[in-house]
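*Asks:* The sequence isn't on hand, but the structure is:
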């Protein structure tokens, strides 16, 4: 069985500033002074040769009209002159979102020839089409397929656009509105189904293989496989720079120190993850036999009893209110769009 993964950037990998978008552009488009990267195995499916420029164009297309309306009648010190700069500097919203899609892990691809990996390009193109339908508010500006690493994968960068705001601009960069925990779960489920269909349509690659079920808790940016892959990509970035004659000795020393810190961070994070998994394994044992199992399982049952009595109703109320509020917003937006369609039809009838 092979795996399918879809993750969006978060925490340290979040594209919170234009500087981070520029860094992603350098990595995704392989803009290095190094012979280690083979550009023949980099396929640009969407966007140009500078992802930050692509993001800028998207911001103008999506927000300029709303920005002009927002600035009307406001004092100069309350106006927003450059919305992209404003988002990058205020730290409340991510400038953009990067999504990474992979079908098949390094173990599956390790013995596959290059021409078979190249056949993944149209599959990733189909995945892009599916994303456009499933997440229309994720305005994709760049999509790049990498075949020069251990397994083919696609880097997709886009701007999440939220609408219907009562405060501030009517349209805003809104990662948390476009990618909620519920919507991301639904997206992963649907894309998983699409990936299974792609496998069936390409027996020349996947004959005899089946797709693993989605694992619980894999919405997080901190899954082991994803975390290791991110660190591997950072290592490649540093290696390319370390071998470049253009880098100073001081810069190389700083990079090596940073690499050591990141390695230790990776080790500690994975150790903590294993500890959490082991604890949860003990907690959910139906009939623990060891003293430790009985202790952890008993503690979980006591906590669950306390939680149900003291917090469950409050959390249920909060979650329910949140969901109903989102549904209300969606309903209002739907009615507004329907109203606009009626007005358009009436204008068309008058014109006729």
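*Replies:* Cool, got the structure. Since this is a predicted model, take the numbers as computed values, not measurements.
*Asks:* Which helix or strand in this protein has the lowest average pLDDT?
*Replies:* helix 224-242 (a mean of 57; mean pLDDT, DSSP states H and E).
*Asks:* so after it, what's the next helix or strand?
*Replies:* As assigned by DSSP states H and E, the chain's next helix or strand after helix 224-242 is helix 249-283.
*Asks:* which other helices and strands contact that next one?
*Replies:* The contact analysis (3 or more Cβ pairs under 8 Å, 6 or more residues apart in numbering; DSSP states H and E) places helix 249-283 against helix 224-242, helix 291-310. Where C-beta positions appear, they are placed from N, C-alpha and C, glycine not excepted.
*Asks:* so how far does stretch 169-183 reach from one end to the other?
*Replies:* Between the start and the finish of stretch 169-183 there is a gap of 23 Å, counting by Cα to Cα, to the nearest Å.
*Asks:* Equivalent analysis for stretch 70-83, please.
*Replies:* Length of stretch 70-83, first residue to last, Cα to Cα: 11 Å.
*Asks:* And the average pLDDT for that stretch is what?
*Replies:* Per-residue pLDDT over stretch 70-83 has a mean of 92.
*Asks:* low-confidence ranges in the stretch 251-352 of the chain?
*Replies:* When residues are selected by pLDDT under 70, those of the stretch 251-352 of the chain lie in 251-255, 258-259, 262, 341-344, 346-352.
*Asks:* try 80
*Replies:* Scanning the stretch 251-352 of the chain with the threshold set as pLDDT under 80 gives 251-274, 276-277, 280-281, 286, 319, 322, 325-327, 329-334, 336-352.
*Asks:* Skip ahead from the strand or helix carrying residue 102 and say which helix or strand is next.
*Replies:* Using DSSP H and E, residue 102 falls within strand 97-103. Following strand 97-103 in sequence order, the next helix or strand is helix 106-109 (DSSP H and E).
*Asks:* which other residues reach the next helix-or-strand element following that following helix?
*Replies:* Next helix or strand after helix 106-109 toward the C-terminus (DSSP H and E): helix 114-118. Residues from elsewhere that reach helix 114-118 (Cβ atoms under 8 Å, 6 or more residues apart in numbering): 41, 109, 147, 152, 204, 205.
*Asks:* List only buried entries from the residues you listed.
*Replies:* The neighbour-count test (16 or more other Cβ atoms under 10 Å) marks 41, 109, 147, 152, 205 as buried among the contacts of helix 114-118.
*Asks:* Tell me which two of the residues you listed sit farthest apart.
*Replies:* Greatest spatial distance among the buried ones among the contacts of helix 114-118 (Cβ to Cβ): 41 and 205, at 16.4 Å.
*Asks:* got the buried ones among the contacts of helix 114-118 as CSV, with distance to residue 166, pLDDT and secondary structure columns?
*Replies:* Shown next, in CSV, are those (distance: Cβ to Cβ, whole Å; pLDDT from 0 to 100; DSSP: H, G, I helix; E, B strand; the rest coil):
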residue, distance to residue 166, pLDDT, secondary structure
41, 48, 84, helix
109, 49, 89, helix
147, 46, 89, coil
152, 44, 92, coil
205, 49, 91, helix
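*Asks:* between those, which is nearest residue 101?
*Replies:* Closest approach to residue 101 among those (Cβ to Cβ): residue 152, at 9.6 Å.
*Asks:* Distance of the residue nearest to the closest one when sequence neighbours are not counted relative to residue 191?
*Replies:* Sequence neighbours aside, residue 120 is the residue nearest to residue 152 in space, at 4.3 Å (criterion: Cβ to Cβ, 6 or more residues apart in numbering). To residue 191, residue 120 is 15 Å away according to Cβ to Cβ, to the nearest Å.
*Asks:* Please identify which of those two sits among more neighbours.
*Replies:* Legend: neighbour count by other Cβ atoms under 10 Å for residue 120 and residue 191, higher for residue 120 (25 against 22).
*Asks:* The residue nearest to residue 152 against residue 151, yeah?
*Replies:* No: using Cβ atoms under 8 Å, residue 120 makes no contact with residue 151, being 9.4 Å away.
*Asks:* Longest helix in the protein, by number of residues?
*Replies:* helix 312-351 (DSSP state H).
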